[in-house]
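# Just a sequence and a predicted model for now, questions to come.
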Amino acid sequence: MRSSFTVSSPARFGHPLVWVALILLALLALSLGCRRLFYPYFVDEFWVVRGVWTGARDISPPLLFGLLRGLHFFWKSDAEWLMRLPSLLAAAAAVILLPAWAAIRRWPRSETTAAWLTGGLLALSSPVVFYSAIVKIYALETLFSVWLVAMWIEAGRTPPRARYGLALLVVGSLFVATTYSAIFALAGFAAAFAWRWFFAERRSAAEARVFLGVHVLLVAVFLCAYAGWLRPQISASAADDPPGSLNQYWATMFWDGSPGFVVRQTRHFIGHQFNLARGAWLLAGAHLAVWAGAMIVRRRWADLAWLLLPATPIGLLLLASRLHLYPYGEMRLMLFTTPLVFALFAHAVSENLGGRSWFRIGAALLTAGFLAVFAFQGLVRDPYATGFMKFVDDRPLHALLRASAASGDIPVFTGAAEWESLNWYVKPGGIDVRPLADAATIPWTRAWFVVDERGRGEWSFYREQKERLGFAERTRFSRRAGSHAVLAERKGAAP
């Protein structure tokens with residue numbers, strides 16, 4: 001007899017409180033990203049926005065360029081919040097994708113716990129928050145990695161069917177054909193899938209055929225895209241800009257073969273992923289060691305495939321760095337590995353703390369303490385944005401320069417570090433923005449010097465100019481340590 005029982009909508013999609021929690025998690029991610037949504041563009045963003053307005057894609061990945069060109073078509077605006085909207089929405093979607101998927105598909109408790117922990121870590125990770133409000137591709141690449149984790153978990157729960165392979169092919173093709181890093185994340189998924197299939201108790205030949213066929217097609221899509229349109233192109237109008245010499249710029253990020261490089265660069269990007277929280281390496285390493293040891297003792301070899309999700313793309317990136325094809329260790333370029341690292345860590349935590357022994361309770365308390373520190377770092381200190389990138393709001397500086405220029409013809413001399421920003425925001429208002437070297441070649445009585453100590457000797461050059469020209473500093477304005485806006489006056493000139 002056919003049962004008349006039907007699953008109600010609340011039971012099918014999870015408890016309503018789960019969706020309240022999802023909304024709160026999404027709002028948390030959005031609110032943290034919005035902290036810098038209206039900041040003036042960061043130096044790297046000018047390259048992308050200028051290309052969107054001129055139609056020259058240059059080094060911008062096609063996916064981001066296409067989305068921004070679409071926004072530009074409907075809204076003829078270069079407003080910061082608008083250009084950053086795709087990144088913000090992608091980051092918010094990445095945060096809630098796994099827990100929402102777990103609720104809809106009714107994942108087991110261990111996998112649901114791992115999904116929520118991964119989402120929480122992504123919401124509070126300082127680099128993820130930073131790039132959720134930057135006009136770059138990195139948040140979209142992160143979303144694809146989260147989606148792959150969800151597909152990986154789904155494949156482990158039920159044998160993949162035709163629609164599963166179709167979804168993997170369609171979404172995978174979109175990202176491998178329009179982004180630079182998706183192929184690395186997909187390689188991790190493929191390696192983990194193959195490992196789990198090989199060590200499975202029952203191997204399905206049909207599953208292997210679907211898996212092999214889809215990935216062969218995805219590799220073909222990537223090769224065609226790379227040969228046709230994916231490789232970065234530098235337009236003639238932008239040939240003198242910094243991205244025109246990318247290999248020189250990234251020279252220190254290419255592996256020289258030394259183990260020290262691997263250790264230093266890996267500690268850099270994974271340390272930032274975990275918000276530079278003290279004890280992150282020790283705690284995460286302990287959880288992974290305990291979990292992997294338990295899998296080996298129990299001979300659950302298939303479950304060790306989780307290790308390949310992050311390890312494969314990271315290893316391939318290191319190899320690509322050795323071949324000077326892709327820099328290794330720079331956080332922005334490694335951001336797509338963050339969900340893979342977090343998912344592995346969260347999976348190990350959920351497996352290790354799945355009991356009620358005194359040992360597990362103690363481990364749970366230690367883990368909770370670490371997560372509290374992680375959250376504090378992400379919410380309050382924000383170490384990647386404020387400590388490493390030193391991204392600040394330049395609007396007060398721009399207002400100061402405009403107000404000063406309104407009282408007379410005062411030139412602004414600046415170095416390369418500030419050149420793009422001042423030309424974009426200040427020069428259209430009639431302010432004369434010139435290179436630092438022009439201070440010695442044109443006549444002036446009063447002038448602003450906007451100099452960044454990180455600008456490859458700019459501050460030293462400014463000090464030399466001051467000594468040679470003999471001008472006095474009247475006003476100083478600093479937005480961050482090492483950043484200077486100095487109102488100078490030639491000695492003997494009328495105030």
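Structure's in. What do you need?
# Show me what stretch 181-194 is in contact with.
With contact meaning CB atoms under 8 Å, 6 or more residues apart in numbering, stretch 181-194 is reached by 141, 144-145, 148, 151-152, 155, 172, 175-176, 211, 215, 218, 222, 305-306, 308-313, 316-317, 320, 333, 336-337, 340. Heads up, the C-betas are built off the backbone N, CA and C, glycines and all.
# Point out where the stretch 201-350 of the chain drops to low pLDDT.
Low-confidence segments of the stretch 201-350 of the chain (pLDDT under 70): 232-249.
# what are the ranges of the helices in it?
Ranges of helices within the stretch 201-350 of the chain are 205-225, 246-249, 259-273, 280-297, 308-322, 331-334, 338-352, based on DSSP state H, counting those that start in this stretch.
# buried set for the longest one?
By 16 or more other CB atoms under 10 Å, the buried positions in helix 205-225 come out as 207, 210, 211, 214, 215, 218, 221, 222, 225.
# farthest pair in those residues?
Farthest-apart pair in the buried residues of helix 205-225 is 207 and 225; separation 26.9 Å (CB to CB).
# element containing residue 365?
Taking DSSP states H and E as the criterion, residue 365 maps to helix 358-376.
# Just want the angle from that helix to helix 280-297.
140 degrees (axes from the mean of the first three to the mean of the last three CA atoms, to 10 degrees).
# Using neighbour counts, pick out the buried residues of helix 358-376.
363, 367, 370, 371, 373, 374, 375.
# hmm, back to that, show me which of the contacts of stretch 181-194 are buried.
141, 144-145, 148, 151-152, 155, 172, 175-176, 211, 215, 218, 222, 305-306, 308-313, 316-317, 320, 333, 336-337, 340.
# average model confidence for stretch 462-470?
For stretch 462-470, the mean pLDDT works out to 91.
# That stretch: which residues count as buried?
Of the residues in stretch 462-470, 462, 465, 466 count as buried by neighbour count, 16+ other CB under 10 Å.
# can you list those in a markdown table and add secondary structure and distance to residue 384?
Formatted as a markdown table, the buried residues of stretch 462-470 follow (DSSP: H, G, I helix; E, B strand; the rest coil; distance: CB to CB, whole Å):
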| residue | secondary structure | distance to residue 384 |
| --- | --- | --- |
| 462 | helix | 28 |
| 465 | helix | 34 |
| 466 | helix | 34 |
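# a markdown table for those residues, including distance to residue 385?
Putting the buried residues of stretch 462-470 into a markdown table (distance: CB to CB, whole Å) gives the following:
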| residue | distance to residue 385 |
| --- | --- |
| 462 | 26 |
| 465 | 32 |
| 466 | 32 |
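# Can you name the helix or strand that residue 479 falls in?
Going by DSSP H and E, residue 479 is not in any helix or strand.
# A strand includes residue 449, no?
Yes: with DSSP: H, G, I helix; E, B strand; the rest coil as the criterion, residue 449 is part of a strand.
# coming back round to it: nearest to residue 48, of the helices of the stretch 201-350 of the chain?
Residue 48 lies closest to helix 331-334 among those, at 12.8 Å (CB to CB).
# Tell me how far that closest one lies from the chain's centre.
Relative to its parent chain, helix 331-334 has a centroid offset of 6 Å by CA atoms, centre = their mean, to the nearest Å.
# now for that helix, which elements pack on it?
helix 126-131, helix 259-273 (3 or more CB pairs under 8 Å, 6 or more residues apart in numbering; DSSP states H and E).
# Just say which of those helices is most tucked in.
Highest mean neighbour count of the helices and strands packed on helix 331-334: helix 126-131, a mean of 28 (counted as mean count of other CB atoms under 10 Å).
# Residues in contact with it: which ones?
Residues outside helix 126-131 that contact it (CB under 8 Å, 6+ apart) are 29, 32-33, 35-36, 87, 91, 94, 122-123, 138-139, 142, 272-273, 275-276, 331-332, 335, 338, 377-378, 381-385, 389, 391.
# filter those to the buried ones?
So, of the contacts of helix 126-131, 29, 32-33, 36, 87, 91, 94, 122-123, 138-139, 142, 272-273, 275-276, 331-332, 335, 338, 377-378, 382-385, 389, 391 end up buried under the neighbour-count rule (16+ other CB under 10 Å).
# In the stretch 1-150 of the chain, where is pLDDT below threshold?
Applying pLDDT under 70 to the stretch 1-150 of the chain flags the ranges 1-14.
# can you give me the helices in it?
9-13, 16-34, 43-54, 62-74, 80-105, 109-124, 126-131, 138-157.
# Taking their axis directions, the longest one and helix 16-34 sit at what angle?
In this case it means helix 80-105. 160 degrees.
# next one: helix 80-105 to chain centre, how far?
Using CA atoms, centre = their mean, the offset of helix 80-105 from its chain centre is 13 Å.
# tell me what it is packed against?
With contacts taken as 3+ CB pairs under 8 Å, 6+ apart, helix 80-105 sits against helix 9-13, helix 16-34, helix 43-54, helix 62-74, helix 109-124, helix 126-131, helix 138-157.
# Serialize the ones you listed to CSV and add fields for distance to residue 418.
Formatted as CSV, these follow (distance: least, CB to CB, whole Å):
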stretch, distance to residue 418
helix 9-13, 51
helix 16-34, 25
helix 43-54, 8
helix 62-74, 24
helix 109-124, 31
helix 126-131, 20
helix 138-157, 24
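# Deepest in the core, which of those helices is it.
Stretch with highest mean neighbour count among these: helix 126-131 (a mean of 28; mean count of other CB under 10 Å).
# Can you show me the strands along the stretch 351-495 of the chain?
In the stretch 351-495 of the chain, the strands defined using DSSP state E, counting those that start in this stretch lie at 412-414, 433-435, 446-452, 471-477, 483-490.
# if we look at the last one, which residues are touching it?
Contacts made with strand 483-490 from outside it, assessed by CB under 8 Å, 6+ apart, are listed as 392, 397, 400-401, 404, 444-453, 459, 462, 466, 469-479, 495.
# just the first one next, same as before
When contacts are defined by CB under 8 Å, 6+ apart, strand 412-414 is touched by residues 401, 405, 422, 426, 431-436, 438-439, 447-451.
# Equivalent analysis for the fourth one, please.
Contacts of strand 471-477 with the rest of the structure, by CB under 8 Å, 6+ apart, involve 396-397, 400, 446, 466, 484-491.
# For ChimeraX, write a command that selects the buried ones of the residues you listed.
Paste this into ChimeraX to select the buried members of the contacts of strand 471-477, with burial taken from 16+ other CB under 10 Å:
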select :397,400,446,466,484,485,486,487,488,489
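# Reformat the contacts of strand 471-477 as CSV; add distance to residue 259.
Formatted as CSV, these follow (distance: CB to CB, whole Å):
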residue, distance to residue 259
396, 45
397, 43
400, 49
446, 55
466, 45
484, 39
485, 43
486, 45
487, 50
488, 49
489, 54
490, 55
491, 56
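# Find out how far stretch 325-340 is from the centre of the chain, if you would.
On the basis of CA atoms, centre = their mean, stretch 325-340 sits 8 Å off its chain's mean C-alpha point.
# Stretch 437-455 too?
How far stretch 437-455 lies from its chain's middle: 35 Å, per CA atoms, centre = their mean.
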